[in-house]
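Trainee: quick one: sequence and predicted model below, then my questions.
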Amino acid sequence: MTATPPAVSDQQREVEDQLVRKVLASFDGTPDARLKEVMQTLVRHLHDFIREVRLTEAEWQYAIDFLTAAGHITTDRRQEFVLLSDVLGTSMQTINVNQQATGDATEATVLGPFFVDGSPEIPLGGDMAFGAPGEPCWVEGTVFDTDGDPVPGARLEVWEADEDGLYDVQYEDDRLTGRAHLYTDDRGRYSFWGLTPTPYPIPHDGPVGHLLGKTGRSPMRASHLHFKATSPGLRTLVTHIFVEGDDLLESDAVFGVKHSLVKRFERQATDTPVPGGRDLAGRSWSRVRFDIVLPKDPAAEKGGSRAIRA
Ligand code: BEZ
Ligand code: FE
């Protein structure tokens, strides 16, 4: 679907080609081979892009102003560059390239900007909502490796928005709600109380939201609950589960939905026995099952992964 580049004269093409060759050559002496490969390929694609769309100087200035605004709005609680990467699908594509499908391993999706290190630990069957408003949801499953063996002691980080679509880090105060970590038992099983996920918009009061508005795109994310699963020797999984029947599954603003991650959240009648005998004071609740399969960590097997050295 690449547009045919507009015709330019041979003389003009030579001027442009010469610049690309010069910029590429400026990286020839890069000692780190991976950095050299990444930079030279980036330069090639960037110059191709500029030449293909015949980018105007005003448009380039607009792009600089956009990135400057993204920098200005970014703080330790608001990451506009991650949002930009997400809405361009580049976060998901990087995940696709790196978390390659293996057997029945659970698929990965975006981390998003609302993961926070240092969440409180809850026991199995505990409540990660910590008072965040929403319908209680019982979440349970087992963590397996790709041989089908349960994984005891796997660490699960879970986090989600409240029923108003807000994460705790978006509250005005420093309350910590809607996030926790827990460990699987000796048979790889886990369970906790969360909230039935509801749809919410990604932060759209900054340059990324402006871009979505200008391009007629919605900022809404499909309803989801985040998971990060870690266990020594196994590939770390960052993923979500999505709600079967959600209208937004096909139009998620960050392209995060994978069909294998869509789960049935079963709404329970108020007289259904409640796991752990929790007193829900007659409120409705739901339940969902999510078994997780972690493949061996190829980096651990090879003793390291490919990366640019800082
Ligand atoms: C989230 O799910 O929390 C999220 C992911 C990407 C962008 C914004 C929010
Ligand atoms: Fe989220």
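Mentor: On my side now, so go ahead. Ligands and ions are numbered 1, 2, ... in the order given.
Trainee: list the buried residues in stretch 104-118.
Mentor: 105-114 (16 or more other C-beta atoms under 10 Å). All C-beta atoms are positioned from the backbone trio N, CA, C, and that covers glycine.
Trainee: quick check: mean pLDDT of stretch 166-175?
Mentor: For stretch 166-175, mean pLDDT is 88.
Trainee: closest residue of this protein to ligand 1?
Mentor: At 2.7 Å from ligand 1, G112 is the closest residue in the chain, using C-beta to the nearest ligand atom.
Trainee: OK, contacts around that residue?
Mentor: Contacts for G112 (C-beta atoms under 8 Å, 6 or more residues apart in numbering) come out as 82, 86, 226, 254.
Trainee: any idea how far it is from V262?
Mentor: Between G112 and V262 the computed distance is 17 Å (C-beta to C-beta, to the nearest Å).
Trainee: next, give phi and psi for M92.
Mentor: Main-chain dihedrals, M92, degrees, to the nearest 10: phi -70, psi -40.
Trainee: so it touches F255, yeah?
Mentor: Yes - counting by C-beta atoms under 8 Å, M92 does reach F255; the two are 4.7 Å apart.
Trainee: need the buried residues of stretch 104-118 in JSON lines with pLDDT, can you?
Mentor: What follows is the buried residues of stretch 104-118, written out as JSON lines (pLDDT from 0 to 100):
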{"residue": "A105", "pLDDT": "95"}
{"residue": "T106", "pLDDT": "97"}
{"residue": "E107", "pLDDT": "97"}
{"residue": "A108", "pLDDT": "97"}
{"residue": "T109", "pLDDT": "96"}
{"residue": "V110", "pLDDT": "95"}
{"residue": "L111", "pLDDT": "93"}
{"residue": "G112", "pLDDT": "90"}
{"residue": "P113", "pLDDT": "86"}
{"residue": "F114", "pLDDT": "90"}
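Trainee: just the closest of these to P273, please.
Mentor: For these, the residue nearest P273 by C-beta to C-beta is T106; the value is 29.2 Å.
Trainee: helix/strand/coil for the closest one?
Mentor: coil (DSSP: H, G, I helix; E, B strand; the rest coil).
Trainee: what's the answer for G141, then?
Mentor: strand.
Trainee: that one contacts D291, doesn't it?
Mentor: Yes - contact criterion C-beta under 8 Å: G141 and D291 qualify, at 4.6 Å.
Trainee: neighbour count winner among the two?
Mentor: G141 (19 against 15; other C-beta atoms under 10 Å).
Trainee: now do the same contact list for the more buried one.
Mentor: Per C-beta under 8 Å, 6+ apart, neighbours of G141: 189-191, 289-292.
Trainee: which members of these additionally contact ligand 1?
Mentor: Counting by C-beta under 6 Å from any ligand atom, the subset of these that neighbours ligand 1 is empty.
Trainee: please pick the buried ones from those.
Mentor: So, by 16+ other C-beta under 10 Å, the buried ones in the contacts of G141 are 190-191, 290, 292.
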